[in-house]
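K.L.:
With the input below, show me the fold.
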Amino acid sequence: FPGYENYSKFISATDTIRKMKHNVDSMGEEMNTLLTSMEKISGQSEKITRNLGSRRERVEDLNRLQRTLERVRFLYELPSRLRNCLRLKAYRQAVMYFTTAEEVLLQFKDQASFARIYDECQVHLAVLARELKDKLNDTLEENIAAECVELLLKIGEPGSSLCASYIEARAELVRMNARNLQIDGSKPYDELVQIVQNAFMNPLLKISDTCERLFWRHGDVDISEQTIG
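P.N.:
Residues are numbered from 1 along each chain as shown. All right, here's what the predicted structure looks like:
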């Protein structure tokens, strides 16, 4: 019966439409619920962000305080650090400790709490300078002499007087080479030239290189006033 079949199709279509409407209505409710949830999540996120921001500032303040306390502790430990370095002959380490704290130490040296530290450090620096100068005058090794000069400059020794002391110490080495030099005329010419070069020219070139690197290049010392006797 065609009429019956058409009626059945109509009823089926009506049910389908009713279900679709129900689903759409349900989706609307779910969307509203989802939007409400998202608004709550957004609010919580903003609150967390504000809390984290205040905590981040607090953490940064604590980090700055920690760095300040570490600097103060380093200053208070500086005299004993220098004393231990002198005992161990660790001169470069001593200079590194001092130059690390020098700016802050000079800034607060007039305050009572830091005045004692400054005075103790000056005593140790005087000992350090004396031992470096003794080492400079005694060593035969050019690299050791150059290191002594470099460290003395870093702790504030005047460049002009230090340059004169360095040149005099190195000149004494050249003079000693001259006194000990023995020329055997029977040796080949090239070998004689090499002996003279090792005794005079190489040491003089090293002296010149060190003076250029540590003194003259920076304009702190007048080269015309520095001579090797």
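K.L.:
how far away is residue 97 from residue 136?
P.N.:
Remark: distance between residue 97 and residue 136 (Cβ to Cβ, to the nearest Å) = 21 Å. (C-beta placed from N, C-alpha, C; glycine too.)
K.L.:
Please list all residues in contact with residue 98.
P.N.:
Residue 98 sits next to 78, 82, 121, 125, 155 when contact means Cβ atoms under 8 Å, 6 or more residues apart in numbering.
K.L.:
now do residue 187
P.N.:
Here residue 187 is in contact with residue 195 (criterion: Cβ under 8 Å, 6+ apart).
K.L.:
To which secondary structure element type does it belong?
P.N.:
Following DSSP: H, G, I helix; E, B strand; the rest coil, we place residue 187 in the coil state.
K.L.:
any chance you could read off phi and psi for it?
P.N.:
Dihedral pair for residue 187: phi -80, psi 160, per degrees, to the nearest 10.
K.L.:
Give me the pLDDT for it.
P.N.:
You'll see residue 187 listed with a pLDDT of 72.
K.L.:
same deal with residue 147?
P.N.:
Residue 147 is given a pLDDT of 92.
K.L.:
you'd agree it is up against residue 136?
P.N.:
No: counting by Cβ atoms under 8 Å, residue 147 sits too far from residue 136 to count as a contact (9.1 Å).
K.L.:
Relative to residue 142, how far out is the residue nearest to residue 200 when sequence neighbours are not counted?
P.N.:
Leaving aside its sequence neighbours, residue 200 sits nearest to residue 174 (Cβ to Cβ, 6 or more residues apart in numbering; 6.3 Å). Separation of residue 174 from residue 142 (Cβ to Cβ): 11 Å.
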